[in-house]
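1. Mind looking at a prediction? Sequence and model below.
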2 protein chains.
Amino acid sequence: MRQSHLFLPIRREPPKDETFANAQLLLRAGFADKLMAGVFSIFPAGLGVVRNIEGIVRDELQKTGAVELAMPSLQQPKIWEETGRWKTLPPEMFQFKDRADHPIGLAMTHEEVVFDIVRRNIQSFRDLPLKLYQFQTKFRDEPRPKSGLMRGREFLMKDLYSFHATREDLEEYYEEVSQAYDRIFKRCGLKAVRVEAPGGIFTKNPSHEFQVVAEGGEDEIALCKNCDFAKNAELLEKGIKKCPQCSATIVRHISSEVGNIFRFYDKYAKDMNGYVMGPQGENLPIFLASYGIGISRLMATIVEVFHDERGIMWPESVAPFLVHIVQLGDGEVVKKEAQKIYAALQEAGLEVLYDDREKSAGEKFMEADLVGIPWRVVVSAKTVAQGKVEVKKRSEDKAELMTIEELVKRLKK
Amino acid sequence: MRQSHLFLPIRREPPKDETFANAQLLLRAGFADKLMAGVFSIFPAGLGVVRNIEGIVRDELQKTGAVELAMPSLQQPKIWEETGRWKTLPPEMFQFKDRADHPIGLAMTHEEVVFDIVRRNIQSFRDLPLKLYQFQTKFRDEPRPKSGLMRGREFLMKDLYSFHATREDLEEYYEEVSQAYDRIFKRCGLKAVRVEAPGGIFTKNPSHEFQVVAEGGEDEIALCKNCDFAKNAELLEKGIKKCPQCSATIVRHISSEVGNIFRFYDKYAKDMNGYVMGPQGENLPIFLASYGIGISRLMATIVEVFHDERGIMWPESVAPFLVHIVQLGDGEVVKKEAQKIYAALQEAGLEVLYDDREKSAGEKFMEADLVGIPWRVVVSAKTVAQGKVEVKKRSEDKAELMTIEELVKRLKK
């Protein structure tokens, strides 16, 4: 993509009312735009990141046998009254009246909707297990949206729901998804730890959350300096300083909750009368678990973790482009060479952003660092004279001269 | 995809409260589900169709240089008051209060949002033209949602906005998009005609809509039996029966508006104070045009056009799968052969649905016709004995015996 064709409006000034690194950088680098408190547009480069994250999530969920669907946001009270949540979800859940004065709500989660779908459409234990997920815009009436894209009033979620004929089957799949989550966060470049969630509805079989150490997060986790002990700080015994597993020091970190998984067991079967026929013709409750990943929050968390004072440093797996060709000067020779390299890298199947704009070298370098594409390739009169390009990783300081062939070989690794 | 793994709940009974073919068939065949009047879930097979349509639209828009972004649904009055639409869009536009008692709206179109983005982010005529589009869930408080997925209260739209420094550039791109629309509808298997839109805001340079003759549509167009004359019936002179171009008979048809394109020229520049600096340092208004395609309506229209009394007949370009392998009986030999063919077709890069369920031949055939995958491949004891499979197109009656190699060759055409 030529940078002059991509809508990537880079802004000099940090946004005044957004103090967190993720919002500061995503807005300055032209990845997102703020419409109102907690409500953002995602610009083309940001959408590229979102699509890459979605691709990773989809890939790992499909491996567990989950299939994708799309459920609506608009809700009426009926099914939510079966669980009592029409009353308990507000004020976080937007609720209002339509033109006929009927109550309408905007879904912030879909357990009721998907459970209603499943109970109406399956009859037998043979139809289970069933694993359904969606990527969907959720709405949440946050009192004071802050932390940029970490917690919006409108945000993108992946929500997965699994249905089982037995408690054992649910437990097994719960662990399978937990492992899929490990792979997802790892592929996004993040070290996520699974910890028990505070305030779960079942203390014996708690829910879990996946936390990533990140400034700009809203949670706090305690990690052992020595072993793999990890706990949500809210659940930590008061005054404790030594790891209960190995006696090493425990350190508290600000963290971001990028995923969570819940076991509802037969709660929804009971609340919403959802049963299937078992092998002996008996009624079996449909067991439910649900699994969330905040896609826009994940993007924000990645920025919180991967940035320096100059800008974002996207991990290759989620970067909107792998390579940023920076053409210095607009002499015919340089331009021609830059276009040749642009074509060659695209030919090699690589995602390339080509800075073809008329700007000074200083501005271009500053902006390339801000935007944070993993590999920067400089084409200038000097590099052309040497028959090479100057290659630098965003995460490293050292630049290297190499031929296009060497570059392609390096990038295809 | 094995049919036993796909969530494709086929329902015997037509839904009682949905009378249009698109809703009847999409609901019965397990492509969609109704949550409330005008609000639907899209099940996995339906999402496959939506993704294919999106792919075609994206492909054709990218060719025109448009780039994709994502704008939010939640709105506050400020920018909408600049054009007066905060007052004029309701009651179709949902408006309500948030927990802090501030007014909130759900966007049903995005001219104000995108124009605000652009005016804040570009300075010079050199930054134009700019072409931005999104696929987005829109909300519309319809008084009496009917016609199934043709007109919902929540629906998927593609909306494109183009920004220009001159009127001429706008006109040129307007025609370019119009031609892209022609290609999009053609690739979806539809014959769409472009007609002048009634009630446009500029009668001298009217807006246009793309209409497809389809039962279940909400519009009416007049077509000449002989030439290419086409007109929205609302704009037809009263009592006219002969074509003004060739004097042949004009026939009225029920039709579905699958796309529309609007030229706003400098209206938004004036209303929202959107100017850029011109070549001589003068202020130039930013010219705006917008272009919509109802993605869920397009899917519904395709069903209205492509179905018979037995079910849907998806065009190959949008079908969720190209081939439906129907395994009859569950003897080991048949099962093994069906699995072999399933693997071979997937290996060949084809999208395959494999009916591996234990059902009678009659049920399987009935359901395959309802679901409407373009090619049906039967594997039974009889076909295995002959070393062949029985191949039938959904749109034809004649079945044919052929080897797997012949089948792959036929499908790859």
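-> Nice, thanks for sending it over.
2. hey, where'd the helices end up in the stretch 301-413 of chain A?
-> For the stretch 301-413 of chain A, the helices defined by DSSP state H, counting those that start in this stretch cover A:332-347, A:361-371, A:381-386, A:404-411.
3. Please apply the same query to chain A.
-> Per DSSP state H, chain A carries helices over the ranges A:21-28, A:44-63, A:77-83, A:85-88, A:111-121, A:167-187, A:267-272, A:295-305, A:332-347, A:361-371, A:381-386, A:404-411.
4. right, so those: which one is the most enclosed?
-> Ranked by mean neighbour count, the helices of chain A are led by helix A:295-305 with a mean of 27 (mean count of other C-beta atoms under 10 Å in any protein chain shown). Quick note: C-beta positions are derived from backbone N, CA and C, even for glycine.
5. which other helices and strands contact that one?
-> The contact analysis (3 or more C-beta pairs under 8 Å, 6 or more residues apart in numbering or on different chains; DSSP states H and E) places helix A:295-305 against helix A:21-28, helix A:44-63, strand A:154-164, strand A:208-213, strand A:250-265.
6. residues in contact with the residue of the stretch 151-300 of chain A found nearest chain B?
-> Distances between the stretch 151-300 of chain A and chain B by C-beta to the nearest C-beta are smallest at A:Glu154, namely 4.9 Å. Residues near A:Glu154 by C-beta atoms under 8 Å, 6 or more residues apart in numbering or on different chains: A:Gly38, A:Val39, A:Phe40, A:Thr137, A:Lys138, A:Phe139, A:Arg140, B:Pro72, B:Ser73, B:Leu74.
7. burial count for the residue of the stretch 51-200 of chain A at minimum distance from chain B?
-> Residue of the stretch 51-200 of chain A nearest chain B, by C-beta to the nearest C-beta: A:Phe96 (3.3 Å). Residues contacting A:Phe96 under the criterion other C-beta atoms under 10 Å in any protein chain shown number 15.
8. mind checking how far the closest residue to it other than its chain neighbours is from A:Asp98?
-> In space, and not counting its chain neighbours, A:Phe96 is closest to B:Phe96: 3.3 Å by C-beta to C-beta, 6 or more residues apart in numbering or on different chains. Applying C-beta to C-beta, to the nearest Å, the value for B:Phe96 to A:Asp98 is 10 Å.
9. Same check on A:Lys231?
-> Here A:Lys231 is placed at a distance of 45 Å from A:Asp98 (C-beta to C-beta).
10. Compare neighbour counts for these two and give me the winner.
-> Neighbour tally, A:Lys231 and A:Asp98, criterion other C-beta under 10 Å: the higher count belongs to A:Lys231, 23 against 18.
11. What residues does the residue lying closest to the more buried one once chain neighbours are set aside make contact with?
-> Closest residue in space to A:Lys231, ignoring its immediate chain neighbours: A:Ala222 at 4.9 Å, by C-beta to C-beta, 6+ apart. When contacts are counted by C-beta under 8 Å, 6+ apart, A:Ala222 touches A:Phe229, A:Ala230, A:Lys231, A:Asn232, A:Ala233, A:Leu236, A:Ile250, A:Val251, A:Arg252, A:His253.
12. What residues are bridge-paired with A:Ala222?
-> A:Lys231, A:Arg252 (DSSP bridges).
13. quick check, stretch A:69-85 touching chain B?
-> Yes: under the criterion of C-beta under 8 Å from any C-beta of the partner chain, chain B is reached by stretch A:69-85 at A:Leu69, A:Ala70, A:Met71, A:Pro72, A:Ser73, A:Leu74, A:Gln75, A:Gln76.
14. Near the second one, how many other residues are there?
-> In other words, A:Ala70. A:Ala70 has 19 neighbouring residues, counting by other C-beta under 10 Å.
15. low-scoring pLDDT stretches of chain A, where are they?
-> Counting by pLDDT under 70, chain A contains low-confidence ranges at A:200-204.
16. Can you give me the domain assignment for it?
-> Chain A breaks down by automatic domain parsing into domains covering A:21-308, A:323-411.
17. Compute the first-to-last residue distance for the last one.
-> Counting by C-alpha to C-alpha, to the nearest Å, you get 9 Å between the two ends of domain A:323-411.
18. coming back round to it: in strands, which of the contacts of A:Glu154 fall?
-> Assigned to strands by DSSP state E, the following of these qualify: A:Val39, A:Phe40, A:Thr137, A:Lys138, A:Phe139, B:Leu74.
19. ok, now which ones touch the residue of the stretch 51-200 of chain A closest to chain B?
-> A:Phe96 neighbours (C-beta under 8 Å, 6+ apart): A:Pro103, A:Ile104, A:Gly105, B:Phe94, B:Phe96, B:Lys97.
20. Same list, those residues, but as JSON lines with distance to A:Ile117 please.
-> Below are the contacts of A:Phe96 laid out as JSON lines (distance: C-beta to C-beta, whole Å):
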{"residue": "A:Pro103", "distance to A:Ile117": "21"}
{"residue": "A:Ile104", "distance to A:Ile117": "19"}
{"residue": "A:Gly105", "distance to A:Ile117": "17"}
{"residue": "B:Phe94", "distance to A:Ile117": "24"}
{"residue": "B:Phe96", "distance to A:Ile117": "26"}
{"residue": "B:Lys97", "distance to A:Ile117": "31"}
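21. Which members of those are classed as buried?
-> Among the contacts of A:Phe96, the ones that count as buried by 16 or more other C-beta atoms under 10 Å in any protein chain shown are A:Ile104, A:Gly105, B:Phe94.
22. which residues touch the closest residue to the first one other than its chain neighbours?
-> So the one you mean is A:Ile104. For A:Ile104, ignoring the flanking residues on the chain, the nearest one in space by C-beta to C-beta, 6+ apart is A:Asp98 at 5.0 Å. With contacts defined as C-beta under 8 Å, 6+ apart, A:Asp98 is in contact with A:Ile104, B:Phe94, B:Asp141.
23. same check, this time on A:Gly216
-> So A:Gly216 contacts A:Phe20, A:Ala21, A:Asn22, A:Ser147, A:Gly148, A:Met150, A:Ile254, A:Ser256, A:Ala300, A:Thr301, A:Glu304 (C-beta under 8 Å, 6+ apart).
24. any idea which of the residues you listed is closest to B:Asp330?
-> Comparing those against B:Asp330 with C-beta to C-beta places A:Thr301 closest, at 48.1 Å.
25. How much space separates the closest one from chain B?
-> Distance from A:Thr301 to chain B, counting by C-beta to the nearest C-beta, to the nearest Å: 19 Å.
26. Is there a quick PyMOL command that grabs whichever of the contacts of A:Ala222 are buried?
-> Burial among the contacts of A:Ala222 is assessed by 16+ other C-beta under 10 Å; the matching PyMOL selection reads:
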select buried, chain A and resi 229+230+231+232+233+236+250+253
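27. biggest separation within the contacts of A:Ala222, which pair?
-> A:Asn232 and A:Val251 (14.1 Å).
28. on that earlier part again, now tabulate the helices of chain A in a markdown table and tack on distance to B:Arg11.
-> Converted to a markdown table, those look like this (distance: least, C-beta to C-beta, whole Å):
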| stretch | distance to B:Arg11 |
| --- | --- |
| helix A:21-28 | 45 |
| helix A:44-63 | 26 |
| helix A:77-83 | 19 |
| helix A:85-88 | 27 |
| helix A:111-121 | 8 |
| helix A:167-187 | 26 |
| helix A:267-272 | 20 |
| helix A:295-305 | 32 |
| helix A:332-347 | 47 |
| helix A:361-371 | 50 |
| helix A:381-386 | 65 |
| helix A:404-411 | 51 |
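29. Pull the distance from stretch A:85-95 to the chain's centre.
-> Distance of stretch A:85-95 from the chain centroid (C-alpha atoms, centre = their mean, to the nearest Å) equals 25 Å.
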